[in-house]
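>>> The following block contains a protein sequence and its predicted model.
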Amino acid sequence: MTTELEHLAVTKYGLALHTTTPELGLAINNFAGDSRSGVWNLGRDLSSLIHQYLIEFIQPQTWSDLAFLAVAKGPGGFTGTRIGVVLARTLGQQLEIPVFAVSTLAAVAWTEISRNQNADAIAIQMAAQRGQVFGGIYQLQPDNLGLTALLPDTVFTPEAWQETLANWQTNYQLIEAKSDLAATVTSILSLAYLDWQQGKRPHWAEALPYYGQHPVENVNC
């Protein structure tokens, strides 16, 4: 059965934010030929500069041109992740548009699959605090309409992660997410758009950060 996909009006755009590292990633696209993205290493100034960069970035579009928002929900740095998710939720509430919270690891997997359409399942690992690792395993959906999380993002000891991979029953490609993660903001936006095309319209309040190791993991901002 073929899924009937919705399409944005050419005057409407999706906007994505990636703030889980000291870099800010922004992307905007109407998925009809007008797109742009950028990455800025703001470091500790991320919280004070993000609004300025965002306002300048969306021009010549305006807030009313946005049909939906997407944000990297983590895993990643606690402060940066929270900044991005809170901003996306605030904008979603004010603009009354959907907010898609997308896994940082899923975005890395989508970036890899976009380069290699024949890729098997993608196992993503990323360093976490206290010597632990974040791990997740993703696979392209048969209809190419997004990713299936074969193993949702989880925090492991290195030993437990290696054991998980050793016992995995299907072929996979292992990717280590180390740098340039903000550049996957375009994948954050693409994954959100695939969900939007399938009729999903998540309320801004559903956009929650994934901290993994933080004591207030997955609470409302």
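Now that the structure is in, tell me what you want to look at. The structure displayed is predicted, hence computed values, not measured ones.
>>> check contacts around residue 80.
Applying CB atoms under 8 Å, 6 or more residues apart in numbering to residue 80 gives the contacts 19, 20, 21, 22, 46. Backbone N, C-alpha and C define where each C-beta goes, glycine included.
>>> Mean confidence (pLDDT) on the strand ranked longest in the chain, please.
Scanning the chain for the strand with the most residues, using DSSP state E, yields strand 147-156. Per-residue pLDDT values across strand 147-156 average out to 96.
>>> what are the pairing partners of that strand, and which direction each?
strand 133-140 (antiparallel) (DSSP bridges).
>>> Dump the strand it pairs with to PDB, keeping only the CA atoms.
Provided in PDB are the C-alpha atoms of strand 133-140 (Å, rounded to 0.1, in the frame of the first residue of the first chain):
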ATOM      1  CA  VAL A 133      28.700   5.700  25.700                       C
ATOM      2  CA  PHE A 134      25.400   6.400  24.000                       C
ATOM      3  CA  GLY A 135      24.400   3.800  21.500                       C
ATOM      4  CA  GLY A 136      21.500   3.400  19.100                       C
ATOM      5  CA  ILE A 137      20.900   1.200  16.000                       C
ATOM      6  CA  TYR A 138      18.800   2.500  13.100                       C
ATOM      7  CA  GLN A 139      17.600   1.100   9.800                       C
ATOM      8  CA  LEU A 140      16.000   2.700   6.700                       C
END
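>>> Name the residues that touch it?
The contact list for strand 133-140, computed with CB under 8 Å, 6+ apart, reads 75, 103, 105-106, 109-110, 113, 117, 119-128, 147-158, 161, 164, 168, 172, 212.
>>> All set now, cheers.
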